[in-house]
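Visitor: below is the sequence, then the predicted model.
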Amino acid sequence: MLKSLFKASLLAAALSLPLSVPSVQAEEKKDFKVCWSIYVGWMPWGYLQDSGIMKKWADKYGIDVEIVQINDYVESINQYTAGEYDGCSMTNMDALSIPAGGGVDTTALIVGDYSNGNDGIILKDKSGLADIKGQTVNLVELSVSHYLLARALDTVDLSEKDLTVVNTSDADMIAAYATDDVTAVVTWNPLLSEIEAQPNATKVFDSAGIPGEIIDVMMVNTETLADNPDFGKALVGAWYELMAIMSSDSEEGIAARTAMAEASGTDLAGYDAQLATTKMFYTPAEAVEFSKAAELSATMKFVAEFLYDKGILGEGAPSPEFVGVAFPDGSVYGDTNNVKLRFDASFMQMAADGAL
C-alpha cells in the first residue's frame, strides 16, 4: 500500500516546525504509545496490537504499550515530533527531516525493511532512463519518489535541472499518467505496478538500484528509551516474534499475512507481491548487520544532501551536516554537537542473542 497518503504536505509539515522542538520530559513510566500508518512493511504493527502479541511482551516487562494507526503518514510523524507518541514508523529520510531536523532526539529502534523495487520511475513510449532528459516528471514532491529520482539521475550524469518536476498527488497519479501530457512518473506500489501494466509504460529505474537507501524504521524518542529500556525490549521482542510467524508458510503465518493484507486493502497474493519487492529483515541478526554496515553512513549522507538541497533539513540549516546522525560503531555524520538521529542496534542485538 501507499507509504504516504499525504506526502505532498511534507514540506509544509517540516517548515512549520521550529528550529528546536523541546522533547517530552523523559522519565520512568509505565504507559507508552506508538503510531504507524499503512505501508507493506508497517502492517505488522497493527497485527501486533490486534493479535495480543504486543500485550504479551508488554506484560512481561510490567508496562502497557498501545499501538495506534494514523491514516495520514506525515501527521503521524508530526504528532510523534510534538510528543503525542513515544514512537512512530517512518522512513530514514522523514526521520531526519521532521523530528531530527526539528530538534527532537530520535532513535532508530527497529530497522524493519528497505524498499527493493517498491518505488520506481516509469517513462511513456521510451526505453531508457537517459530518455528522461527534457521531460516533465510527475511525482509527489519532497517524498521518497523525489529522492529516488535524484539518485537515479546521478547514474546517467543528469540532474534535476535537466527536466521539469511537477508535484502530483499520489491519489491522482494513475489518472495523470493516462493523459497525453504526462510522459514520466515516479511513484510507489501499488500505483507503480498498475501504471507499469500499461502497454506504453516502461519502468526504467527502481529502488532495487539503490538498495538499502529507502529504509522503513520504528523510531522512538531517545530520552524516553534511555529512561525506559523495557519499552524498547518489549517492542523489539514483540516485533521479532511476529517476524518469525509471518515469514513462514505455516497456517499461523498465512493467517497473519492474510490479516495484514485485508487491513491494507488487498488480498494475500497482493500483499505477498508487495513483500517480494520489500527487503524485510525477518531476523534481528539481519537488521543488526544492516545497521552496522558502512553503507548506512553513506546513505544518510545522500539523504542529508538531498534534504538540504530542498531546504527541509531544519530551519536555517547552514549545510547538509546541520543534524548529526550517530551510528552503532560510534561514528557520526554531521554535527557532533547536534546529534538528533541515532541508529542503535543494541536492542535488536539483544533479540539476536536471545537476551530479551
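Guide: Noted; the coordinates are in hand.

Visitor: local confidence estimate at the residue nearest the centre of the chain?
Guide: With distances taken as C-alpha atoms, centre = their mean, the residue of the chain nearest its centroid is T91 (2.1 Å). Reported pLDDT at T91 in the predicted model: 91.

Visitor: isn't it up against I214?
Guide: Yes - with contacts defined as C-beta atoms under 8 Å, T91 counts as touching I214 at a distance of 6.2 Å. For glycine as for every other residue, the C-beta is placed from the backbone atoms N, C-alpha and C.

Visitor: for the longest helix belonging to the chain, enumerate the helices and strands it packs against.
Guide: Of all the segments of type helix in the chain, defined by DSSP state H, the longest one is helix 229-246. Applying 3 or more C-beta pairs under 8 Å, 6 or more residues apart in numbering; DSSP states H and E, one finds that helix 229-246 makes contact with helix 43-51, helix 53-60, strand 64-69, strand 106-115, strand 215-221, helix 222-227, helix 251-263, helix 346-352.

Visitor: quick one: buried residues of the first one?
Guide: In this case it means helix 43-51. When neighbours are counted by 16 or more other C-beta atoms under 10 Å, the buried residues of helix 43-51 are found to be 43-49, 51.

Visitor: again with the longest one
Guide: For helix 251-263, the buried set under the neighbour-count rule, 16+ other C-beta under 10 Å, comprises 256-257, 259-261, 263.

Visitor: closest to N71 out of the residues you listed?
Guide: Nearest to N71 among the buried residues of helix 251-263 is A263, at 12.1 Å by C-beta to C-beta.

Visitor: check what pLDDT the closest residue to the closest one other than its chain neighbours gets.
Guide: Sequence neighbours aside, G46 is the residue nearest to A263 in space, at 5.5 Å (criterion: C-beta to C-beta, 6 or more residues apart in numbering). G46 carries a pLDDT score of 97 in this model.

Visitor: before we move on, what about T222?
Guide: Predicted confidence (pLDDT) at T222: the value is 98.

Visitor: then stretch 94-114 to CSV, C-alphas only?
Guide: Output of stretch 94-114 as CSV, limited to C-alpha atoms (Å, rounded to 0.1, in the frame of the first residue of the first chain):
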residue,chain,number,x,y,z
ASP,A,94,11.5,11.6,7.0
ALA,A,95,13.0,11.0,10.4
LEU,A,96,16.0,13.2,9.6
SER,A,97,13.9,16.0,8.1
ILE,A,98,11.0,16.3,10.6
PRO,A,99,11.7,15.1,14.2
ALA,A,100,15.5,15.2,14.0
GLY,A,101,15.6,18.3,11.9
GLY,A,102,13.1,19.9,14.3
GLY,A,103,15.3,19.2,17.3
VAL,A,104,13.7,16.0,18.7
ASP,A,105,16.4,13.4,19.6
THR,A,106,15.2,10.2,17.9
THR,A,107,16.5,6.6,17.9
ALA,A,108,16.1,4.0,15.1
LEU,A,109,15.0,1.2,17.4
ILE,A,110,13.9,-1.4,14.8
VAL,A,111,15.2,-1.3,11.2
GLY,A,112,12.4,-3.3,9.6
ASP,A,113,13.0,-3.2,5.9
TYR,A,114,14.1,-1.3,2.8
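
Visitor: just to revisit the earlier point, please identify every residue contacting each of T91 and I214.
Guide: V144 (C-beta atoms under 8 Å, 6 or more residues apart in numbering).

Visitor: what's the mean pLDDT across the longest helix of the chain?
Guide: For helix 229-246, the mean per-residue pLDDT is 98.

Visitor: again, but for stretch 188-206
Guide: For stretch 188-206, the per-residue pLDDT values average out at 91.

Visitor: over to stretch 259-273?
Guide: The predicted model assigns stretch 259-273 a mean pLDDT of 92.

Visitor: distance from that stretch to the middle of the chain?
Guide: Averaged C-alpha coordinates place stretch 259-273 at 19 Å from its chain's average position (C-alpha atoms, centre = their mean, to the nearest Å).

Visitor: so which residues of the stretch 51-200 of the chain form helices?
Guide: In the stretch 51-200 of the chain, the segments counted as helices under DSSP state H, counting those that start in this stretch are 53-60, 73-81, 92-95, 144-154, 173-177, 191-196.
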